[in-house]
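Novice: Pasting the sequence and the predicted coordinates here, then a few questions.
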Amino acid sequence: MTTNGQTQQFDKTAFKAAVEKHLTTTYANTPTTATSRSWYLAMGRALAEITTGNLLETEQQLAEEKVRSVNYLSLEFLIGRLTGNNLISMGLYEDVADAMKEMGHSLTDLLEEERDPALGNGGLGRLAACFMDSLAAQEYPAVGYGLHYEYGLFRQSFVDGRQVEAPDAWRGLEGYPWEVVRPELNQTVNLYGHVEAYKDENGNACRRWVPGMTVEGVAWDLPIVGYDNKSVYPLRLWECRSPAPFSLSRFNDGDYVGAQYSALEAGNVTKVLYPNDNHDQGKALRLMQQYFHCACSIADILRRHIGAGNKIEDLAKLETIQLNDTHPTIAIPELMRILLDEYKLGWDAAWTISSKTFAYTNHTLLPEALETWSEALIAQMLPRHMEIIFEINHRFMKLVEQTWPGNNEVKRKLSIIEEGSQRMVRMANLCVVGTYAVNGVAALHSELVKRDLFPEFDELFPGRLTNVTNGVTPRRWIKYCNPGLSALISEKVGNDWPNKLEKITGLEKFAEDKAFQKRYMAVKKENKQRLADWVKENMDIEIDTNAIFDIQIKRLHEYKRQHLNLLHILSLYHRLLNDPSFDMQPRVFFFGSKAAPGYALAKDIIFAINKVAEKVNSDSRLGGKLKVVFIPDYRVSLAEILFPAADVSEQISTAGKEASGTGNMKFALNGALTIGTMDGANVEMREEVGDENIFIFGLLVDEVQKLKEEGYDPYRYYHADSLLRAALDLLETDEFTPGKPGQLATIRHNLLDGGDPYLVLADFADYVKTHEKIDVEYRNQENWARKAILNTALMSKFSSDRSIRDYANNIWKLKPVNR
Ligand code: TH1
């Protein structure tokens, strides 16, 4: 029972009755015949009754008190399963376990029935989920706005080692128990058509959008439950539906069938999450998703603001809107359109409000991920918005002219419109111009945003570019996923660390304590066993928990360099078979990763790892020293088993390419030692734990840039390093694809003749050497335990609670409101 949580008092009898009621009336089952899945659903609905009530009360209180709030706009929220985590936040885990046991069910089994809502690709979407958790835990008034995709990130399986994608219908037939539809919040969204000039009643020249079609936005709320408090905030996800008749003009022209056909298209808008991570495909349907998301969200923010009796002029005082990358940039011209065309404000008044309301987070410097949209496409789909973007740019170019008179070079560089054979709108430039704050996601990344991406913007708008280092929620990523470690931490530092992670520093003084080291390593061993059991049961591979568990889990991308890891594995294979003097600690290399369906080389890397795994795992000559396990369908619920089981965390991106990384933080919190480059948040993790407790290797950002400028030649490394040569050449043989040589050759070809764009070969030797150091250090278990404990103890900076306080204090100027 909790007094400070979501319920005043937990009434077990009433709860059990609510579960049974849902079992029978919502899911048409009887207690004697119901499956585990029905029990899980009924339990979820019974719990959601509590959170929905608290959601409405929180909403009402915040509207009445007229407090400032943040609106987090993101095309992705990778929330993962909610039931277990919400039980922890509600303080009801034990009570509900008890209640379900009395009804004949094990809570842990029921929790396994939940499908992960995979409404995101990777780090960016998961960050949005951790941020919502931290906003609620600290009671910073917030609404998350996203899309209600019918299909989340594809489900991955392997057929003969190759990735196969299948649709992810995450809600199942019964719907998701935690979501509630809010028809009174629905919105109408316009698209296409043209712009008309007209005179208002005072004879002023005005412009208005005459849309060509409309769609309907349906609001679904998921509860974001505050840890150990009474606040519940909405994660509001918009689903696109077509009202009938759908295409106004076609319907009026008598094209009834055509109009219905378009209705099918409208139903498509939120059908599926685009599966690209760190890559912009520029598809029209994606722009439609983005606008649909922004139009619904902006309209809802204004509904709340005006509905609570506030004036439009006070919007920036009471609301701030955080744009998660450039994906929701179109919200800027959308708000301008409403202020100009509907509220009839003058340009300057509208711009002052808009540019003081929005802030923007940049998550990547990769050129292929920086969004641009063709002017022609925007002009067709959103004609009024294109006019407004032109006007924003026109005024901005005047400012550039004042600052750098006559300098056309700088104008061309900063312009929101990119000139060329087809003119493009640069969304990142629009964001920098149209917001009051721009932040990168780790100290190094934010420096590079200033130095390499937007140097002139930094001169033009001093102070606008800043840093907020990413973080992860300790509730899901320690307390929920690692109960063994959680108990140990609570015993030493008390049990309020999950929302006061500074407390965890108190573990530092036990790092040398032999008894504590033993218990800490015993927990690690249990977690390794849990993973080994999963692998045995689901993949039928035997692994030894005495081996080093070396894990790389993240999206598959050349810059993340899973193929560097693979080359290291091949080098070990080669040495074990060819060098009698070589010995190593047994190691299991784990991978978990999805490749974008259209990313051929990424898929080849998955195939190669799977083929190497097949051979290595059954090769008795290796004496069980080397195993490779590629976990299929990597997702949040598997991450919860993998992070706690790791000894070694692979964070090996080319320096300057990984903006932050957040998996790196989850590993270290759970006591894995990092092998990593000086990239993203690795740099700050090293600062926290000290150089002795992290394994850093590879070129630095400036060395990468210098090497590229000098003309990088991968063959130089190939010829100079016989181990590297052996590893690369194995990819051309039929060693791993018997009878079919050359099946893995594309990777070798990309690295040697393709120019090795991410400098895999340049970092190989140092990477191998650093792994040898790990091998030596692991043999001394007391030494290893001390380092692992220090990693847990010294990671408090990387709580997303700290990230959110940074945003609240430095950018949003937001204060908590306690219920
Ligand atoms: C990721 C970054 O790659 C990662 O370094 C960072 O930790 C994370 O964001 C959170 O800040 C990104 N994910 C995406 C996804 C898309 C486009 C750009 C990025 S950057 C679709």
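Specialist: Noted; the coordinates are in hand. Everything quoted here is computed from the prediction, not taken from an experiment.
Novice: quick one: residue 622 from residue 640, how far?
Specialist: Distance, residue 622 to residue 640, by C-beta to C-beta, to the nearest Å: 30 Å. Using the backbone N, CA and C atoms, a C-beta is placed for each residue, glycine as well.
Novice: out of those two, which sits in the busier spot?
Specialist: residue 640 (20 against 17; other C-beta atoms under 10 Å).
Novice: which residues sit in contact with the closest residue to that one other than its chain neighbours?
Specialist: What sits nearest to residue 640 in space, not counting adjacent residues and going by C-beta to C-beta, 6 or more residues apart in numbering, is residue 481, at 3.9 Å. Residue 481 makes contact with 639-641, 643-644, 670, according to C-beta atoms under 8 Å, 6 or more residues apart in numbering.
Novice: which is the next helix or strand following the top strand by length along the chain?
Specialist: Longest strand in the chain, counting residues (DSSP state E): strand 213-225. Using DSSP states H and E, the helix or strand that follows strand 213-225 towards the C-terminus is strand 232-241.
Novice: That following strand to strand 213-225, inter-axis angle?
Specialist: Orientation check (axes from the mean of the first three to the mean of the last three C-alpha atoms, to 10 degrees): strand 232-241 against strand 213-225 gives 160 degrees.
Novice: ok now strand 232-241, how far from the chain's centre?
Specialist: In terms of C-alpha atoms, centre = their mean, to the nearest Å, the gap separating the centre of strand 232-241 from the centre of its chain is 18 Å.
Novice: same check, this time on stretch 26-33
Specialist: Distance of stretch 26-33 from the chain centroid (C-alpha atoms, centre = their mean) equals 37 Å.
Novice: now do stretch 166-178
Specialist: Counting by C-alpha atoms, centre = their mean, stretch 166-178 is centred 20 Å from the centre of its parent chain.
Novice: start to end distance for that stretch?
Specialist: Start to finish, the residues bounding stretch 166-178 are 24 Å apart (C-alpha to C-alpha, to the nearest Å).
Novice: which outside residues touch it?
Specialist: Contacts of stretch 166-178 (C-beta under 8 Å, 6+ apart): 27, 40-41, 43-45, 47-48, 51, 82-83, 86, 115-119, 150-157, 179, 222-223, 272.
Novice: same deal with stretch 574-590?
Specialist: For stretch 574-590, using C-beta under 8 Å, 6+ apart, the contacting residues are 531, 543-544, 546-553, 565, 569, 572, 621-631, 642, 646, 723, 726-727, 730, 775, 778-779.
Novice: got the buried residues for it?
Specialist: By neighbour count with 16 or more other C-beta atoms under 10 Å, stretch 574-590 contains the buried residues 574-576, 587-590.
Novice: need the contact list for residue 79.
Specialist: Taking C-beta under 8 Å, 6+ apart, one finds 117, 119, 129, 132, 222, 235, 636 in contact with residue 79.
Novice: 10 Å - rerun?
Specialist: 85, 116-120, 125-126, 128-130, 132-133, 144, 146, 178, 222, 224, 235, 476, 636 (C-beta atoms under 10 Å, 6 or more residues apart in numbering).
Novice: How is residue 678 classified with respect to secondary structure?
Specialist: coil (DSSP: H, G, I helix; E, B strand; the rest coil).
Novice: Now do it: how many residues are near it, please.
Specialist: Residue 678: 18 surrounding residues under other C-beta under 10 Å.
Novice: same check, this time on residue 525
Specialist: Using other C-beta under 10 Å: residue 525 sits among 14 other residues.
Novice: Name the nearest residue to it, ignoring sequence neighbours.
Specialist: Sequence neighbours aside, residue 545 is the residue nearest to residue 525 in space, at 6.0 Å (criterion: C-beta to C-beta, 6+ apart).
Novice: Repeat that for residue 646.
Specialist: residue 672 (3.8 Å).
Novice: for the ligand, what are the nearby residues on the chain?
Specialist: 121-124, 127, 276-278, 325, 363-364, 369, 441, 470, 658-662, 680 (C-beta under 6 Å from any ligand atom).
Novice: again, only this time at 8 Å
Specialist: Within the chain, the residues that sit near the ligand (C-beta under 8 Å from any ligand atom) are 75-76, 121-127, 274, 276-280, 325, 327, 361, 363-364, 366, 369, 441-442, 445, 470, 658-662, 680-681.
Novice: and these, which of them are in helices?
Specialist: 123-127, 445 (DSSP state H).
Novice: which of these tops the neighbour count?
Specialist: Result: residue 445 is most packed of these (other C-beta under 10 Å), 29 neighbours.
Novice: What are the neighbouring residues in contact with that residue?
Specialist: 362-365, 439, 453, 467, 469-470, 656-661, 679-681, 683.
Novice: coming back round to it: mind putting the contacts of residue 481 into CSV with secondary structure, pLDDT and distance to residue 734?
Specialist: Formatted as CSV, the contacts of residue 481 follow (DSSP: H, G, I helix; E, B strand; the rest coil; pLDDT from 0 to 100; distance: C-beta to C-beta, whole Å):
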residue, secondary structure, pLDDT, distance to residue 734
639, helix, 98, 35
640, helix, 98, 38
641, helix, 98, 35
643, helix, 99, 36
644, helix, 99, 38
670, coil, 99, 39
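Novice: ok, so of the residues you listed, who is nearest the ligand?
Specialist: residue 639 (14.2 Å; C-beta to the nearest ligand atom).
Novice: pretty sure the closest one is touching residue 663, no?
Specialist: Yes - proximity of residue 639 to residue 663 meets the contact threshold set by C-beta atoms under 10 Å, at 7.8 Å.
Novice: Give me the phi and psi for the residue nearest to residue 624 when sequence neighbours are not counted.
Specialist: Nearest non-adjacent residue to residue 624, counting by C-beta to C-beta, 6+ apart: residue 586, 6.2 Å away. Residue 586 has phi and psi values of phi -60, psi 140 when expressed as degrees, to the nearest 10.
Novice: Determine the longest helix present in this protein.
Specialist: Ranked by residue count, the top helix of the chain under DSSP H comes out as helix 36-65.
Novice: mean confidence score for that helix?
Specialist: Mean pLDDT, computed over helix 36-65, is 98.
Novice: what element comes up after that helix heading to the C-terminus?
Specialist: Counting by DSSP H and E, what follows helix 36-65 is strand 69-73.
Novice: between that following strand and strand 232-241, how many degrees?
Specialist: Using the same axes, to 10 degrees: strand 69-73 against strand 232-241 is 40 degrees.
Novice: now for strand 69-73, which elements pack on it?
Specialist: helix 123-137, strand 142-147, strand 232-241, helix 284-307, strand 319-324, strand 358-361 (3 or more C-beta pairs under 10 Å, 6 or more residues apart in numbering; DSSP states H and E).
Novice: any chance of the ones you listed in CSV, plus mean pLDDT?
Specialist: Compiled in CSV, the helices and strands packed on strand 69-73 are given as follows (pLDDT from 0 to 100):
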stretch, mean pLDDT
helix 123-137, 99
strand 142-147, 99
strand 232-241, 97
helix 284-307, 98
strand 319-324, 99
strand 358-361, 98
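Novice: In the stretch 701-819 of the chain, which residue sits nearest the ligand?
Specialist: Residue nearest to the ligand within the stretch 701-819 of the chain (C-beta to the nearest ligand atom): residue 803, separated by 9.9 Å.
Novice: Much appreciated, bye for now.
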